[in-house]
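[1] everything below, folded, please.
(2 chains)
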Amino acid sequence: MESFFIRYRNLLVLLVVLVAQIIGLAVQVRRTNEGRVSFDPQDGPGVRLIRLWASAIVTPPERMMHSAKLGSISLWQNYLDLRHVSEKNQDLQKTMDRLRLEQAELLEDARQGQRLQALLGFQQKYIYKTVAAQVIGSSGSDQSRVFYLDKGSAEGLARDNAVITADGIVGKVREVFPHTSQVLAINDQSSGAGVILETTRTRGILRGNAAGQPQVVGILADQRIQPGEKVFTAGGDQIFPRGLPVGVVQKVVRDPERDSFIDVIIQSAAHLDRLDEVLVITSAQPHFSPEQQQDLATSETLKGAEADTIKEQKKASEVMAERLPGLTDPNAPAAQPAAQPAAGAGTQPGQAPVTPTLPAAPTTPKLLHSQHADRFSPATAQESSPAPRTETKQKLDAKPQQSLKTPQGPRTQQDLKSPQTSKTPLNKVRPTTTGTTPVRPVPKTSQPVTPRRNP
Amino acid sequence: MDVLGANFRRELDSHRYPMLVYALVPLVALVLQAWLPRVLGHYAWFDLPLVVTVYFALGRRSPIQGTLMGAAMGLFEDALSNHAIGVNGIAKTTVGFLAASVGVRIDVENHTIRLILNFLLSLLSSAIYVSIYHVLLGLDLEWSWYTELFKAIGNSLVALVLFPLLDRLQIRE
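    Next up, the predicted model:
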């Protein structure tokens, strides 16, 4: 028996090692409810411990190599390769001046956008807390598109944090260790991100293929999808915020497994093979710097004033909407002539009495005073714009039909500039001149104004 | 099957190295394998841990050491990836065992043999890797034979340069 173990010890060791690894694989793989076999996306404690050891062994030398690389690049760029630095400096200075102007314009646009979004109750999160990290290593296998960052849970990173660059999305944090983290790139076969095509608004799932290219899978054949179309994140995967650039359509190929489906190969916006620095979105909640908070406070103040103004205008328009449709007072007495003496009594001395030329009282609309003057309220303009009163009166006399169409007449520049005047209720501006039954507001002119019907 | 038995080992001809080499060379290979793809991008067509496994298995001519070396390197690679731990381990365990078993019978100092052995063992490792994924685990994995072929060629070229360098580290009596 002893000779058997000695004779075949090589084979026995091989079998033991293989069986142990097969058992380890069986522990890590599970069968889903649909009957498919898949890896557990969350590693078990034992597996995670092995990955942690491997990361702890490999990442320190990688950090050193990365630092050495950066140091050599810095040495070359800052001390050795100084040709044309002066010219570049001047060009950069000009560029900086131009960018300052553009930044000021953009800041104003951003503040305006914030105010509008607040007014509309726009709840999309558009500012995030990010952590800058450097890529220090990869898995070393083209079947596993993962890479390692020099930041970990101690710096606030967590699983499923989105990883982006200024160009576009890169991947998501798959595993977090104390000072390093593993990122699953979007071109890995096991990755998944919800994306949407810009023009056709086609939604799909982004994953990698064998060649390491990200592709949108699971979409029906669509002739409208053409190379060059931009692709953005759809925001439905709870990892990537909506609207981040993913890339552009490179080509469309038929799905080899399903005839009616296509795969859209994407040219990723981020340079996935040459990543040096990335941003990890550690919080999807709005996070503002003190300067931004100050800007927002100013914006909120302005927004509050605008909201009050809009609210007041809306209230005024609602009141007018209730009164305008008939332009008549349904509760007013039908005996129009009874009001005429009063109207005539109300005129000032030396003025001719108001003598309406309308034949019958029921056909004459009795205009009401508006509580809030605007250009749609008859005679309001005459009340609120006293300066061109005579001119207005003359126009009314000359073209009565026109005055009925545009009762207010031309508003003065003063009215346009002073909205407070137009907001003042009419009864507070001037007392009525028509006695107890106001027929029509009479302007303070030397000639009586007679409302006439349009012939 | 005689080659699989311990009685056929030619221990007198086996290469010996300082312990530091056993520890550092695999570690350097793993670190470079994790770092160089960032520099070379898509053109990182090599598998340094596999080359080192083959080298030590051929040099030591001990199937047990080749098995353990392959298992350690493969598991380490798996641990750095997002795949299940053990796929690369099984592939490289088998490769290490076979390399050591072949090294008992043939002259491993010949560069042509080293080149061919590395090429064939690299293809075998890729085949085992894909087979485990498809057959043993039943998982979907897209892969390209061209990539594996280029990787096998790259491994052979790397071995052509690396093996003489590592030969300088062995203990000579």
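[2] what's next to stretch B:108-126, contact-wise?
    Stretch B:108-126 has contacts (Cβ atoms under 8 Å, 6 or more residues apart in numbering or on different chains) with B:47, B:50-51, B:54, B:58-59, B:61, B:91-92, B:94-95, B:98-99, B:102, B:106-107, B:143, B:148-149, B:151-153, B:155-156, B:159-160, B:163. Yep, even glycine has a C-beta here, placed from its N, CA and C like the rest.
[3] which residues in the stretch 151-300 of chain A form helices?
    Per DSSP state H, counting those that start in this stretch, the stretch 151-300 of chain A carries helices over the ranges A:290-323.
[4] spell out which residues of the stretch 101-250 of chain A are next to chain B.
    Proximity of the stretch 101-250 of chain A to chain B, by Cβ under 8 Å from any Cβ of the partner chain, involves residues A:135-144, A:146-148, A:174-175, A:182, A:184, A:188-190, A:209-212.
[5] change it to 6 Å
    By the criterion of Cβ under 6 Å from any Cβ of the partner chain, the positions of the stretch 101-250 of chain A lying close to chain B are A:137-141, A:144, A:146, A:174, A:184, A:209-210.
[6] can you lay out the residues you listed as a markdown table showing pLDDT?
    Formatted as a markdown table, those follow (pLDDT from 0 to 100):
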| residue | pLDDT |
| --- | --- |
| A:137 | 87 |
| A:138 | 87 |
| A:139 | 87 |
| A:140 | 83 |
| A:141 | 82 |
| A:144 | 85 |
| A:146 | 91 |
| A:174 | 92 |
| A:184 | 93 |
| A:209 | 85 |
| A:210 | 79 |
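[7] among these, which are located in strands?
    Applying DSSP state E to these, the entries found in strands are A:137-138, A:146, A:174, A:184.
[8] now render those as a markdown table, adding distance to residue A:156 and neighbour count.
    Formatted as a markdown table, those follow (distance: Cβ to Cβ, whole Å; neighbours: other Cβ atoms under 10 Å in any protein chain shown):
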| residue | distance to residue A:156 | neighbour count |
| --- | --- | --- |
| A:137 | 21 | 28 |
| A:138 | 23 | 27 |
| A:146 | 20 | 23 |
| A:174 | 16 | 23 |
| A:184 | 19 | 25 |
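[9] include distance to residue A:204 when you put the residues you listed into a markdown table, please.
    Formatted as a markdown table, these follow (distance: Cβ to Cβ, whole Å):
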| residue | distance to residue A:204 |
| --- | --- |
| A:137 | 31 |
| A:138 | 27 |
| A:146 | 23 |
| A:174 | 22 |
| A:184 | 18 |
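[10] would you mark the buried spots in stretch B:109-119?
    By neighbour count, and taking 16 or more other Cβ atoms under 10 Å in any protein chain shown as the criterion, the buried residues in stretch B:109-119 are B:114-115, B:117-119.
[11] circling back: just flag the most distant two among the residues of the stretch 101-250 of chain A next to chain B.
    Longest distance between any two of these is 23.2 Å, between A:137 and A:209; criterion Cβ to Cβ.
[12] so what's the residue count around residue B:138?
    For residue B:138, the neighbour count with other Cβ atoms under 10 Å in any protein chain shown is 12.
[13] helix or strand for it, which one?
    Here residue B:138 is covered by no helix or strand, with elements defined by DSSP states H and E.
[14] I'd like the distance between the residue nearest the centre of chain B and residue A:14.
    Residue closest to the average C-alpha location in chain B (Cα atoms, centre = their mean): residue B:50, at 2.7 Å. Separation of residue B:50 from residue A:14 (Cβ to Cβ, to the nearest Å): 17 Å.
[15] need the contact list for the residue nearest to the centre of chain B.
    residue B:125 (Cβ atoms under 6 Å, 6 or more residues apart in numbering or on different chains).
[16] so what pLDDT did it get?
    pLDDT recorded at residue B:50 is 95.
[17] same thing with the one 5 residues further on?
    Confidence at residue B:55, expressed as pLDDT, is 92.
[18] same check, this time on residue B:85
    Note for residue B:85: predicted pLDDT of 90.
[19] contacting residues around it?
    Residues near residue B:85 by Cβ under 6 Å, 6+ apart: A:47, A:50, B:78-79.
[20] one more: residue A:218?
    A:204-205.
[21] neighbours around residue B:146, how many?
    By other Cβ under 10 Å, 10 other residues sit near residue B:146.
[22] ditto for the one 4 residues further on
    By the measure other Cβ under 10 Å, the count of residues near residue B:150 is 14.
[23] okay but it is in contact with residue B:44, surely?
    No - assessed by Cβ atoms under 6 Å, residue B:150 is found out of contact with residue B:44, at 10.3 Å.
[24] please save the CA atoms from stretch A:177-185 in CSV.
    This file holds the C-alpha atoms of stretch A:177-185, laid out as CSV (Å, rounded to 0.1, in the frame of the first residue of the first chain):
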residue,chain,number,x,y,z
PHE,A,177,-10.8,46.6,0.0
PRO,A,178,-9.4,48.9,2.7
HIS,A,179,-7.1,50.9,0.4
THR,A,180,-7.8,49.4,-3.0
SER,A,181,-10.8,48.5,-5.0
GLN,A,182,-11.6,46.4,-8.0
VAL,A,183,-13.5,48.0,-10.9
LEU,A,184,-15.5,46.0,-13.5
ALA,A,185,-15.1,47.7,-16.8
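[25] can you pull out the residues in contact with that stretch?
    Outside stretch A:177-185, the residues that touch it by Cβ under 6 Å, 6+ apart are A:52, A:55, A:59, A:145-149, A:152-154, A:157, A:163, A:171-175, A:191, A:272, B:82.
[26] list the buried residues of that stretch.
    Residues A:177, A:179-185 are the ones in stretch A:177-185 that count as buried (16+ other Cβ under 10 Å).
[27] need the max-distance pair from those.
    Farthest pair in these (Cβ to Cβ) is A:179 and A:185. Separation: 20.6 Å.
[28] farthest-separated two in the contacts of residue B:85?
    Farthest apart among the contacts of residue B:85 by Cβ to Cβ are A:47 and B:78. That separation is 9.5 Å.
[29] count of residues packed around residue 84?
    Using chain A here. Look at residue A:84: counted by other Cβ under 10 Å, it has 9 neighbours.
[30] correction: the question concerned chain B.
    Residue B:84: 24 neighbours (other Cβ under 10 Å).
[31] per-residue confidence for residue A:252?
    Reported pLDDT for residue A:252: 90.
[32] specify the beta-bridge partners of it.
    Beta-bridge pairing of residue A:252 under DSSP bridges involves residue A:264.
[33] and it, what is it in contact with?
    A:225, A:262, A:264.
[34] ok, residue A:99 next?
    Here residue A:99 is in contact with no residue (Cβ under 6 Å, 6+ apart).
[35] for it, which three-state class applies?
    helix (DSSP: H, G, I helix; E, B strand; the rest coil).
[36] and the pLDDT at it?
    On the pLDDT scale, residue A:99 gets 90.
[37] state the distance from it to chain B.
    31 Å (Cβ to the nearest Cβ, to the nearest Å).
[38] and residue A:228, what does it touch?
    residue A:248.
[39] so which of the residues of the stretch 101-250 of chain A next to chain B comes closest to residue A:245?
    Taking Cβ to Cβ as the measure, residue A:184 is the one of those closest to residue A:245, at 18.9 Å.
[40] give me the beta-bridge partners of that closest one?
    When bridges are taken as DSSP bridges, the partners of residue A:184 come out as residue A:146, residue A:172.
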